[in-house]
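Q: This is the structure alone, sequence omitted:
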């Protein structure tokens, strides 16, 4: 491993950290970018899909290029969300742990600014920031960028509107001679305009193919449903993935809340993540997800940025993404670090015509996911009902006298007989049409 990264020009302290992190092989974007950043002085545009190792592609050279004898800010890394900022901050700390006197700070929005201002009074060479928080710090004169040599715009396609408003103010604080490194999963026209306006005319562009370590293992599938059965189909799919971790993407905060509530009612181990939640709640949910205490994350697109959990086996597009770029970012949450993964898109009949356009634009191939039969959906709902009963906590407010009366009603029934009657009642109440065969399955 060390020989491969060392061949790219990576220094010994960083090689040691990579070895300890068990980072074995440089990805394509790393192989193309690291030597370029170390040996040249051009502005660089790095184009690679989510999950292909872009953080190390710019992070390793930056750590090596920093002059640790100078205690002022030498590099700014701009990111669209605090979650992504925290992820990059952690990665850089891990990569640079054997570099003496290296100092990295995270100054992202969503948390109190005063501790960040206090942190910046100490020696700091690299700052990871969201644009809004950086401008706030500039206006408060809490950060000095006069010796900053590197400006990194990471996931630039996810913060185009923010950058258009704020980049002038940020660049005005930098030395005239500074180096800009722009990384993006896609290259829409708005990004091309940013490149033209803010990067040197001799900018070098490097790109990695879709088939990289992070994305070659994704199976892209779609399933066609009627609106009335959409939730039932999703829960059938989730039951088939019990014990595995996944992310379900919704377009709006309201949709996230509604779906998360339905999953909670049906006792799925899940949590909701969107921008209207307080940062403390978002951090807690993310920590629960990373630690495996919850298996399913229901999220909006922006809130899910920065989620780098290797064991995510599937993502579900509960709503079709508005853009190809969004689909790339969503699907890139799975199949990370060479693992396999599934990206399942739930469609209504009229949306199927969109699939060929996604295939053409992204160079991928979708296969149709077989929708479960009506009987199978009904079986699944019955199992979910049984799980609800099993996981319901006893109500200690019910009087002992009433409990005795109810027990008297059932006392002559065996366990199997009680289950038979409960299921028959469920079928009657829900008008479920089940054949004799699946009922026998439940009896087992």
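A: All right, it came through fine. Because the structure is predicted, anything quoted here is derived from the model rather than measured.

Q: elements contacting the longest helix anywhere in the chain?
A: Counting residues, the longest helix in the chain under DSSP state H turns out to be helix 374-391. For helix 374-391, the contact count by 3 or more C-beta pairs under 8 Å, 6 or more residues apart in numbering; DSSP states H and E identifies helix 230-240, helix 415-430, helix 436-443 as packing neighbours. Placement of C-beta: from N, CA and C, glycine included.

Q: if you compare those helices, which one is most tucked away?
A: Of all the helices and strands packed on helix 374-391, helix 230-240 has the most neighbours on average by mean count of other C-beta atoms under 10 Å, namely a mean of 19.

Q: That one to helix 374-391, inter-axis angle?
A: Our comparison of helix 230-240 with helix 374-391, counting by axes from the mean of the first three to the mean of the last three C-alpha atoms, to 10 degrees, yields an angle of 70 degrees.

Q: counting contacts, what elements does helix 230-240 pack onto?
A: For helix 230-240, the contact count by 3+ C-beta pairs under 8 Å, 6+ apart identifies helix 253-265, strand 341-347, helix 374-391 as packing neighbours.

Q: can you put the ones you listed in TSV and add mean neighbour count and distance to residue 61?
A: Converted to TSV, the helices and strands packed on helix 230-240 look like this (neighbours: other C-beta atoms under 10 Å; distance: least, C-beta to C-beta, whole Å):
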stretch	mean neighbour count	distance to residue 61
helix 253-265	17	37
strand 341-347	23	29
helix 374-391	16	50
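
Q: Quick one: closest of those to residue 312.
A: Proximity to residue 312, assessed across those by C-beta to C-beta, is greatest for strand 341-347 (6.7 Å).

Q: what stretches of the stretch 301-444 of the chain score poorly on pLDDT?
A: Within the stretch 301-444 of the chain, the segments meeting pLDDT under 70 span 303-308, 310, 336-339, 431-444.

Q: And the stretch 51-200 of the chain, by the same measure?
A: Low-confidence regions of the stretch 51-200 of the chain, defined by pLDDT under 70, span residues 51.

Q: where do the strands sit along it?
A: In chain order, the stretch 51-200 of the chain shows strands spanning 75-78, 104-107, 126-129, 150-153, 179-184, with DSSP state E, counting those that start in this stretch as the criterion.

Q: CSV for the ones you listed, including mean neighbour count and distance to residue 96?
A: Written out in CSV, the entries for the strands of the stretch 51-200 of the chain read as follows (neighbours: other C-beta under 10 Å; distance: least, C-beta to C-beta, whole Å):
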stretch, mean neighbour count, distance to residue 96
strand 75-78, 24, 12
strand 104-107, 23, 7
strand 126-129, 27, 8
strand 150-153, 24, 15
strand 179-184, 24, 17
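
Q: now the ones you listed in JSON lines, with distance to residue 31?
A: Conversion of those to JSON lines gives the following (distance: least, C-beta to C-beta, whole Å):
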{"stretch": "strand 75-78", "distance to residue 31": "21"}
{"stretch": "strand 104-107", "distance to residue 31": "24"}
{"stretch": "strand 126-129", "distance to residue 31": "23"}
{"stretch": "strand 150-153", "distance to residue 31": "19"}
{"stretch": "strand 179-184", "distance to residue 31": "15"}
